[in-house]
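The sequence isn't on hand, but the structure is:
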Ligand SMILES: [Fe+2]
Ligand SMILES: [Fe+2]
């Protein structure tokens, strides 16, 4: 069970690095909030590296869907950034809301049985909550079609989590 959790978490953090890479590819480093996005991207890379290391240590294989998440994450990040900086932030806020919920569910389920994994999840969840706050403060809710956009991204995120648990 813990293996599947680690697998889906690593897939998520990997996907996050690809979303931010897509956003930055479109926005460049001078756009509004480019510095904030770059700072969040650094944290996602660290989250991913920590899960990579724990997977290697425990001999857990990554999801077979990694190439799909790579392309889908990049396309999502780039697509939102093409709409505008606020849509890029709406994307981040939506994703982080789902990740916060997902990590909280995992912590409830683990309930002290895997302190090493729970330590990472707790630490990363705090970062993700900050990312969500940053995105909302940067005007995520002012994005055109915010409700629809946010709903679609959150649905996609939940689907990605469900798939990565199984494949
Ligand atoms: Fe993360
Ligand atoms: Fe994040």
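It's in. None of the values given here were measured: they were computed from a predicted structure. Ligands and ions are numbered 1, 2, ... in the order given.

ok, how many other residues are close to whichever residue of the chain sits closest to ligand 2?
Scanning the chain for the residue nearest ligand 2 gives residue 131, at 3.9 Å (criterion: Cβ to the ion). Bear in mind the C-beta positions are built from the backbone N, C-alpha and C, glycine included. Counted with other Cβ atoms under 10 Å, residues neighbouring residue 131 total 25.

23 is where my numbering starts, stick with that
Understood, numbering begins at 23; the last thing we discussed is residue 153.

isn't it right up against residue 114?
Yes - Residue 153 lies in contact with residue 114 (Cβ atoms under 8 Å); the separation is 5.9 Å.

who touches both of those two?
residue 62 (Cβ atoms under 8 Å, 6 or more residues apart in numbering).

ok, residue 30 touching residue 85?
Yes - here residue 30 lies in contact with residue 85, judged by Cβ under 8 Å, at a distance of 7.3 Å.

distance of residue 29 from residue 154?
The gap separating residue 29 from residue 154 is 24 Å, by Cβ to Cβ, to the nearest Å.

That should have said residue 72, apologies.
For residue 72, the distance to residue 154 equals 20 Å [Cβ to Cβ].

These two - which one has more neighbours?
Neighbours per residue (other Cβ under 10 Å) separate residue 72 from residue 154, with residue 154 holding more: 21 against 17.
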